[in-house]
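**Q** my questions concern the predicted model and sequence given below.
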Amino acid sequence: MKIELHDIAARHPAARSRSAAALRALSLTVEPGEQVAVIGPSGAGKTTLLQVMGCALPTSSGRLVLDGREPWAMPRAALQALRGRLFLAPQVPPLPPRQRVVTAVLAARLPALGLWRSLRSLFYPDDIPAAHAALDRFDLADKLFDRVDRLSGGERQRVGLARALLAPAQLWLVDEPLSALDPSRAQQAIATLCDEARGRGVTLVATLHQVDVALARFPRIVGLRDGAVAFDLSAAQVTREHLARLYAQHEHELAGAPVATPEETPAPQPVVMHCR
Amino acid sequence: MNPATALPPPARDPAWPGRLGWLIFGLVLLWPLLQATEFRPWTLFEPDSLKVSGRFIASFWPPAHDGEFLALVARESWRTVAIATAGITLALLLAIPLTLASTRVLSISALSGRMARGPFWLRQALRWLLIALRSVPELVWALVFVRVVGLGPTAGVLAIALTYGGMLGKVYAEILESGDAQATEALMRNGSGRLQAFFYGLLPQNAAELTSYTVYRWECAIRSSVVLGFVGAGGLGQQMDNSMKMFAGGEVLTMLAVFMLLVALADHVSSALRRALG
């Protein structure tokens, strides 16, 4: 899928109206099948950028064009169909704690399944081999029938990524896919994502805190700072000066340690009983 | 010595005057309410009233336990359970679609900022429908239906269905909206439909609470079927009304014991279901 952003400005709906917009006059084009890593210090607007690309956040000005069509000009049903053709993975994997892994992974297929088939899949999983294969790519095949709340934070994040392999999508937008993974798992996970995306001709845009991983795995690097593109270069052209300028005053993030220590996703909270 | 600790310890909690003020304000507000409700609990303990209530309670003993009466109680308890269960089932048929249509979390237009105008007003209208359903007490519904379908359990079932449909719909919507909606939102953002997002995101997130609330409402329905029985809607309530009128206290006590058993049963079913789902 081809992405075009023309002079995009966007702010989070919860943000105060006088605060600075998360993205300012940002223009960017990503060709079909391209793989792009978005790097930059915390608060640069990386997540907002992904949400704008994934039609999750309406732009306050500028034009978003996906495969030649403007999503926000489309009727809601068509927009929802378009959303079915892209996969937006938030940083905290959105998995209901009481669900089984197999159901959580197969949920990625919902846009392609009809309502009846998706209900039937709750009684008997629709495509166990496919779910197994996707999990196997992330070394989680043995967790197929475990419940999500029995997994560690890193395992949950990998289940969230395994969803991408089953989504009927031509565009993967992955937010901080490695934040809860140890270095070797991180290498394996990002290699899997890149290889699979290349094999399927899927466009891949990932935000990353690990600059070294981004430079090693992604052919094109977009540096984002204060809601604007600081540089947009091939990985080979990115120099130490580029990085130093991008991360000025945020050097500790460049040094490798992600600011947010790998967050364990909070354990499912005990169900609160209301007295009614 | 640390200069901070050199200060004398605070003489009292600075929040104290505020708390005291609110407490006095609450009591002052309560006084006219107690006057309006003629709240005079000490009359309970005057010798005359003690004698009257003592005699009334003593007339309950011993519980009636002859075989014929027990068989009657068993039959009527079964009918009461049937009224409550049928009523709750019909209420679910009413409440579930209304909940799904009125829950804000399942709005696709609200995913990206504000909900569109059409869906917004539809949700408001459904909310008002739920308010209307539950603001009419089941007793009033029962009186209406007794006139329409005649004396008997049908009136009770319909009355429970309407009022409880309204209650279940409201509380289900609140439970669904108060839980973590991240999974549901992510599914809808990736193109799945509302119902798919409900079954794959919202329901597993909230299943235990929804179930225990439903079982609790079933328990309430059993109790309220007693009241409905008093106006002729069948079941144990009607029987209890008869026994009361004939001053057969022992029979009333036996039936109260059955109610206690039914409520205890509901309690155990609820905790077993929560364990299974939790």
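**A** Good, I have the coordinates. Nothing here was measured: the structure is a model prediction, and the numbers come from that model. Numbering: from 1, shown residues only, chains lettered A, B, ... in the order given.

**Q** where does chain B have low pLDDT?
**A** B:1-5 (pLDDT under 70).

**Q** those strands in it, which residues are they?
**A** In chain B, no segments count as strands under DSSP state E.

**Q** can you check the stretch 151-276 of chain A too?
**A** Taking DSSP state E, counting those that start in this stretch, the strands of the stretch 151-276 of chain A run over residues A:171-175, A:203-207, A:220-225, A:228-234.

**Q** go through the ones you listed and name the closest to residue B:6.
**A** strand A:220-225 (47.8 Å; Cβ to Cβ). Just so you know, the C-beta spots here come from the backbone N, C-alpha and C atoms, and that holds for glycine as well.

**Q** what mean pLDDT does that closest one have?
**A** Strand A:220-225 comes out with an average pLDDT of 93.

**Q** if we can go back for a sec, in JSON lines: the strands of the stretch 151-276 of chain A, plus distance to chain B and mean neighbour count.
**A** Converted to JSON lines, the strands of the stretch 151-276 of chain A look like this (distance: least, Cβ to the nearest Cβ, whole Å; neighbours: other Cβ atoms under 10 Å in any protein chain shown):
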{"stretch": "strand A:171-175", "distance to chain B": "10", "mean neighbour count": "25"}
{"stretch": "strand A:203-207", "distance to chain B": "15", "mean neighbour count": "25"}
{"stretch": "strand A:220-225", "distance to chain B": "21", "mean neighbour count": "22"}
{"stretch": "strand A:228-234", "distance to chain B": "23", "mean neighbour count": "16"}
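
**Q** dump those to a markdown table, plus distance to residue B:276.
**A** Converted to a markdown table, the strands of the stretch 151-276 of chain A look like this (distance: least, Cβ to Cβ, whole Å):
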| stretch | distance to residue B:276 |
| --- | --- |
| strand A:171-175 | 35 |
| strand A:203-207 | 40 |
| strand A:220-225 | 48 |
| strand A:228-234 | 53 |
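
**Q** which stretches of the stretch 1-150 of chain A form helices?
**A** Assigned by DSSP state H, counting those that start in this stretch, the stretch 1-150 of chain A shows helices spanning A:46-53, A:76-83, A:101-106, A:115-123, A:128-136.

**Q** ditto for the stretch 101-250 of chain B
**A** B:117-135, B:138-149, B:153-178, B:182-189, B:194-197, B:203-230, B:236-245, B:249-277.

**Q** I'd like to know which of the helices of the stretch 1-150 of chain A is closest to chain B.
**A** Of all the helices of the stretch 1-150 of chain A, helix A:76-83 sits nearest to chain B, with 3.9 Å by Cβ to the nearest Cβ.

**Q** spell out which residues of the stretch 1-150 of chain B are next to chain A.
**A** B:108-109, B:111-113, B:116 (Cβ under 8 Å from any Cβ of the partner chain).

**Q** among these, name the buried ones.
**A** B:108-109, B:111-112 (16 or more other Cβ atoms under 10 Å in any protein chain shown).

**Q** between those residues, which sits nearest chain A?
**A** residue B:112 (4.8 Å).

**Q** next up, the contacts around the closest one.
**A** A:13, A:55-58 (Cβ atoms under 8 Å, 6 or more residues apart in numbering or on different chains).

**Q** using PyMOL, define a selection of the buried residues within the residues you listed.
**A** Selecting the buried subset of these in PyMOL, with 16+ other Cβ under 10 Å as the burial test, is done by:
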select buried, chain A and resi 55+56+57+58
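
**Q** would you turn the contacts of residue B:112 into a markdown table with distance to residue A:251?
**A** Below are those laid out as a markdown table (distance: Cβ to Cβ, whole Å):
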| residue | distance to residue A:251 |
| --- | --- |
| A:13 | 32 |
| A:55 | 35 |
| A:56 | 31 |
| A:57 | 30 |
| A:58 | 35 |
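
**Q** near chain B, list only the ones from the contacts of residue B:112.
**A** A:13, A:55-58.

**Q** need the max-distance pair from the residues you listed.
**A** Farthest pair in the ones next to chain B among the contacts of residue B:112, by Cβ to Cβ: A:13 and A:55, 14.1 Å.

**Q** JSON lines for the helices of the stretch 101-250 of chain B, including mean neighbour count and distance to residue A:102?
**A** Compiled in JSON lines, the helices of the stretch 101-250 of chain B are given as follows (neighbours: other Cβ atoms under 10 Å in any protein chain shown; distance: least, Cβ to Cβ, whole Å):
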{"stretch": "helix B:117-135", "mean neighbour count": "15", "distance to residue A:102": "33"}
{"stretch": "helix B:138-149", "mean neighbour count": "18", "distance to residue A:102": "43"}
{"stretch": "helix B:153-178", "mean neighbour count": "23", "distance to residue A:102": "24"}
{"stretch": "helix B:182-189", "mean neighbour count": "24", "distance to residue A:102": "15"}
{"stretch": "helix B:194-197", "mean neighbour count": "21", "distance to residue A:102": "16"}
{"stretch": "helix B:203-230", "mean neighbour count": "22", "distance to residue A:102": "13"}
{"stretch": "helix B:236-245", "mean neighbour count": "19", "distance to residue A:102": "46"}
{"stretch": "helix B:249-277", "mean neighbour count": "16", "distance to residue A:102": "18"}
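
**Q** quick check: which of those helices is nearest to residue A:48?
**A** That would be helix B:182-189 among the helices of the stretch 101-250 of chain B, by Cβ to Cβ, at 14.1 Å.

**Q** what's the closest non-adjacent residue to residue A:157?
**A** In this structure, residue A:157 finds its nearest non-sequential neighbour in residue A:180, 4.5 Å apart by Cβ to Cβ, 6 or more residues apart in numbering or on different chains.

**Q** pLDDT wise, what is residue A:200 at?
**A** 93.

**Q** what distance do you get for it to residue A:87?
**A** As judged by Cβ to Cβ, to the nearest Å, residue A:200 and residue A:87 stand 11 Å apart.

**Q** okay, those two: which has more neighbours?
**A** Taking neighbours as other Cβ atoms under 10 Å in any protein chain shown, residue A:200 and residue A:87 compare with residue A:87 leading, 26 against 14.

**Q** what's the separation between that one and residue B:179?
**A** Separation of residue A:87 from residue B:179 (Cβ to Cβ): 24 Å.

**Q** and for residue B:226?
**A** Distance from residue B:226 to residue B:179, by Cβ to Cβ: 34 Å.

**Q** contact partners of stretch A:229-247?
**A** For stretch A:229-247, contacts defined as Cβ under 8 Å, 6+ apart pick out A:26-28, A:39-41, A:211, A:214-216, A:218-225, A:251, A:253-254.

**Q** ok now it, how far from the chain's centre?
**A** 22 Å (Cα atoms, centre = their mean, to the nearest Å).

**Q** can you check stretch A:240-249 too?
**A** That offset, for stretch A:240-249, works out to 24 Å (Cα atoms, centre = their mean).

**Q** give me the mean pLDDT for that stretch.
**A** 88.

**Q** how many other residues sit next to whichever residue of chain B sits closest to chain A?
**A** Chain A sits closest to residue B:191 of chain B, with a gap of 2.6 Å, by Cβ to the nearest Cβ. Residue B:191 sits with 26 neighbouring residues when counted by other Cβ under 10 Å.

**Q** which residues touch the closest residue to it other than its chain neighbours?
**A** Nearest non-adjacent residue to residue B:191, counting by Cβ to Cβ, 6+ apart: residue A:84, 2.6 Å away. In this structure, residue A:84 makes contact with A:111-112, A:168-169, B:190-192, judged by Cβ under 8 Å, 6+ apart.
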